[in-house]
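J.: after the sequence you'll find the predicted model.
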Amino acid sequence: MNKHVEGKRLSEFFRKGKPFFAVIFLQFGFAGMDVISKVALNEGMSNYVFVVYRHAVATVAMAPFAMVLDKKVRPKMTKSIFVKLMLLALLEPVIDQNLYFLGMEATTATFAVSMTNVLPAITFIMAYILRLEAVNLKNIRSQAKVVGTITTVAGAMLMTLVKGPLLELFWTRGRNNINVIHNGVDLHHSLKGAIMITVGCFSWSGFMVLQAITLKSYPAELSLTAWICFLGTIEGAIVALVMERGKAAVWAVKWDTTLLATLYSGVMCSGLAYYIQGIIMKDRGPVFVTAFSPLSMIIVAIMGSIILAEQTYLGRVLGAIVIVAGLYMVVWGKSKDNELSIGEQLSPEKQISEKESEENCCQKVITIKSSDGDNQTADVQ
């Protein structure tokens, strides 16, 4: 009996924890991509070409699964859906990723991933404007989300504008960061990188919100992922041909970190990420998906300092702490919203019981006495 109860509790724990496990898995995947991609970019790989190859790999990886597994659930393609797919491919695979990698080249992997912590705040604002997120300033849940959003933006500004003293870590002493040697990550580069990454975050947020909307009319996650990657490859190739014209050598792929970065980011951070995000958004919405980005920042900060010998400054650490505090408030508000929505939902049995009770209450019995003394009854709705 006890084993049965424990098994039931464990099953319930995993059922409720699935969305959390999924987004944490995504953040570990994104963290690995940031570090590997930074190494590839430092070795001279073009960010425009990298984006094209990444989504070509994702298309090859996801398309077979989409054709087989989504065969029965894939809706008919319409002009409206196709336009949304083209816009999705433009927002994230082309605009966001190119700006993100350009910003990373100007700064560091840790700085880039830390700046993306404004993503939940931007997504929250967009979702509110499009009425995908409920806000009522009279209750504490909404107040926490609004204050958290403002705090997150303030932390990003602090991180960008305030450098502070260098924090020496024992594993970075005596090691030179190639980014510091060649680029000199000063205020100018920080501002340049911050602007690019922030604009990219607006594009990424738009992608998240539009993906949630598109899934309502095209509820086939694998097929949606395959289409986004395929169209992103085509649109990204057009941009790359324009930006890298006359540079045929940039299209060459070597058997080094550039190939590893292309394969890893294509399968993990484009193919699987788009698919998992779509599944989670159906249940929790776009704000929940983006609310766990601080975890990626912590992982990248540790890996970046060890692998890339990136230097850490006090101002950026303080800014990151402020961002995490703001995001905690946003996540807390979202969790309370979710608890409230679950509490308001009635179980199927209770709904049926209340419906039957309502029907019984609406029935009236009329007794008619006939001339021969017999009583006749009739139910009147």
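T.: Thanks, I have the structure now.
J.: looking at the chain, which helix or strand is least sure?
T.: helix 178-182 (a mean of 45; mean pLDDT, DSSP states H and E).
J.: continuing past that helix, what's the next helix or strand?
T.: The helix or strand immediately downstream of helix 178-182 is helix 187-217, counting by DSSP states H and E.
J.: tell me how many other residues crowd the closest residue to G29 other than its chain neighbours.
T.: Ranked by C-beta to C-beta, 6 or more residues apart in numbering and with sequence neighbours excluded, the top spatial neighbour of G29 is M268, at 4.5 Å. (Each C-beta comes from the backbone N, C-alpha and C, glycine too.) Using other C-beta atoms under 10 Å, M268 has 20 neighbouring residues.
J.: M268: what's it in contact with?
T.: G29, G32, M33 (C-beta atoms under 8 Å, 6 or more residues apart in numbering).
J.: I'd like the average pLDDT over stretch 268-287.
T.: Stretch 268-287 shows a mean pLDDT of 82.
J.: straight-line length of that stretch, end to end?
T.: 21 Å (C-alpha to C-alpha, to the nearest Å).
J.: which outside residues touch stretch 115-122?
T.: Residues outside stretch 115-122 that contact it (C-beta under 8 Å, 6+ apart): 100, 103, 148-150, 152-153, 155-156, 159-160, 193-194, 197-198, 201-202, 204-205, 287, 290-291, 293-294, 296-297, 320, 323-324, 326-327, 330.
J.: same check, this time on stretch 15-31
T.: So stretch 15-31 is contacted by 113, 268-269, 272-273, 276-277, 279-280, 283-284, 288-289, 291-293, 295-296, 299-300, 303 (C-beta under 8 Å, 6+ apart).
J.: show the average pLDDT along the stretch of helix or strand T149 belongs to.
T.: Secondary structure assigned from DSSP H and E places T149 in helix 140-161. Averaged across helix 140-161, the pLDDT comes to 80.
J.: hang on, S205 packs against I129?
T.: No - between S205 and I129 there is no contact under C-beta atoms under 8 Å: 10.9 Å.
J.: please say which of those two ends up with more neighbours.
T.: Taking other C-beta under 10 Å, S205 and I129 do not tie; S205 has more neighbours (26 against 10).
J.: pLDDT score for that one?
T.: Per-residue pLDDT puts S205 at 88.
J.: for it, what are its contacts?
T.: Counting by C-beta under 8 Å, 6+ apart, S205 has contacts L119, I122, T123, M126, P286, T290.
J.: wasn't W255 part of a strand?
T.: No - counting by DSSP: H, G, I helix; E, B strand; the rest coil, W255 falls outside a strand, being coil.
J.: burial count for it?
T.: That count, for W255 with other C-beta under 10 Å as the rule, works out to 7.
J.: what about it, distance to T262?
T.: Distance, W255 to T262, by C-beta to C-beta, to the nearest Å: 11 Å.
J.: my guess is L130 contacts V209. True?
T.: Yes - with contact defined as C-beta under 8 Å, L130 and V209 form a contacting pair (6.1 Å).
J.: looking at these two now, which is surrounded by more residues?
T.: Shown here are L130 and V209; by other C-beta under 10 Å, V209 has more neighbours (23 against 13).
J.: measure that one to Y100 for me?
T.: 18 Å.
J.: one more: A220?
T.: Shown here: A220 relative to Y100, a distance of 27 Å by C-beta to C-beta.
J.: who has more neighbours, those two?
T.: Using other C-beta under 10 Å, the more surrounded residue of A220 and Y100 is Y100, with 27 against 19.
J.: check contacts around that one.
T.: Contact analysis of Y100 by C-beta under 8 Å, 6+ apart lists A112, T116, M196, I197, G200.
J.: go again with 7 Å.
T.: By C-beta atoms under 7 Å, 6 or more residues apart in numbering, the contact list for Y100 reads A112, I197, G200.
J.: check S270 too.
T.: Applying C-beta under 7 Å, 6+ apart, we find S270 in contact with R54, H55, A58, C229.
J.: between the residues you listed, which sits nearest L241?
T.: For those, the closest approach to L241 (C-beta to C-beta) belongs to H55, at 14.8 Å.
J.: quick check: the gap between the closest one and V153.
T.: H55 is 30 Å from V153, where distance means C-beta to C-beta.
J.: M86 now?
T.: Separation of M86 from V153 (C-beta to C-beta) stands at 30 Å.
J.: higher neighbour count, those two?
T.: When M86 and V153 are compared for neighbours, V153 comes out ahead with 19 against 16, by other C-beta under 10 Å.
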